[in-house]
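1. no sequence on this one, just coordinates:
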């Protein structure tokens, strides 16, 4: 059996699931868990496609089943996520799933339910879902996707095949970017470093030039603030910053740059993320002691908290640069 899974990293998971298909030993429920952006949904997609595909290569992406799945109209595949405007997956949604799983399948393949952010089920929904797991319908498969196991009842966890997703090595992400997007090696290395081991983040950087350019612009602004030799210059930069959109995202990006300064001060250059700024960063560590960088990191973390509390933006940023 030939497989066609364009997955970034997670080779042990890929091998396990593909062998399960080849040996026709499919568990009734799988729980894919790990931080967002690691590829859980992509893995679930190609696992499902391979089970319903009628082609020789799995998935062929050409047969009727594959095409229906890709158009989101496959009658035996259900994606379940919380409804728009709701905080949680409701018990009514789970009851509807239970009813649909009881129907006779439209095809000879599995009836498959993929639950996105399964940790968002209400307690009543989780208890109702547990009954499905205790008596799974014939030839049915449930795949739960969760960023954490924290809010999923242990009774559900114990009835699933657990599959943990971890960060992907930078080298694997870089190789994927070279193959998939034909990037120059230097650019692939830069993006793989910026991804922090999250394939989803790397793909967004590769596909969305605006996203990448915004990230780089945020870092340039922060470097300008750190390089400024007077408070007046820093306050003038703040005047420009407050006009930007997504300030909170910008602060998160600044936190990454502070991390790089700590890495350079502690002689761990291999862990550097902002490769395109390393020359400027090396100059900055001549200006800032390790203790000073740590203090800046603490103030930056406080700034992020203040912004989440809707404190006056300009006042918070002014206070931050005054104390640098």
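-> Sure, I can see it. For clarity, every value in this text was computed on a predicted model and none was experimentally measured. Numbering: from 1, shown residues only.

2. show me the residue at the heart of the chain, geometrically.
-> Against the mean C-alpha coordinate of the chain, by CA atoms, centre = their mean, the closest residue is residue 37 at 1.2 Å.

3. look up phi and psi at residue 113.
-> As for residue 113, its main-chain torsions (degrees, to the nearest 10) stand at phi -120, psi 130.

4. how near is it to residue 15?
-> Distance of residue 113 to residue 15, given as CB to CB, to the nearest Å: 24 Å. Glycine gets a C-beta too; all of them are placed from N, C-alpha and C.

5. what about residue 32, which helix or strand?
-> Residue 32 is part of strand 29-33, with elements assigned from DSSP states H and E.

6. in which helix or strand would I find residue 281?
-> Following DSSP H and E, one finds residue 281 within helix 278-287.

7. that helix - contacts with which helices or strands?
-> With contacts taken as 3 or more CB pairs under 8 Å, 6 or more residues apart in numbering; DSSP states H and E, helix 278-287 sits against helix 209-227, helix 247-265.

8. show me how far the strand holding residue 32 is from its chain's centre.
-> Put simply, strand 29-33 sits 16 Å off its chain's centre (CA atoms, centre = their mean, to the nearest Å).

9. show me where the stretch 1-150 of the chain has its helices.
-> Secondary structure of the stretch 1-150 of the chain (DSSP state H, counting those that start in this stretch): helices at 11-22, 40-52, 64-70, 91-102, 123-134.

10. the ones you listed: which one's closest to residue 201?
-> helix 40-52 (13.2 Å; CB to CB).

11. quick one: residues contacting the closest residue to the residue nearest to the centre of the chain other than its chain neighbours.
-> Nearest residue to residue 37, sequence neighbours excluded (CB to CB, 6 or more residues apart in numbering): residue 200, at 3.5 Å. Residues counted as contacts of residue 200 (CB atoms under 8 Å, 6 or more residues apart in numbering) are 36-39.

12. give me the pLDDT for residue 200.
-> Note on residue 200: pLDDT of 88.

13. which SSE is it in?
-> Per DSSP H and E: helix 199-207 holds residue 200.

14. so which bits of that helix are buried?
-> In terms of neighbour count (16 or more other CB atoms under 10 Å), helix 199-207 has its buried residues at 199-206.

15. ditto for stretch 178-190
-> So stretch 178-190, judged by 16+ other CB under 10 Å, has buried residues 178, 183, 187-190.
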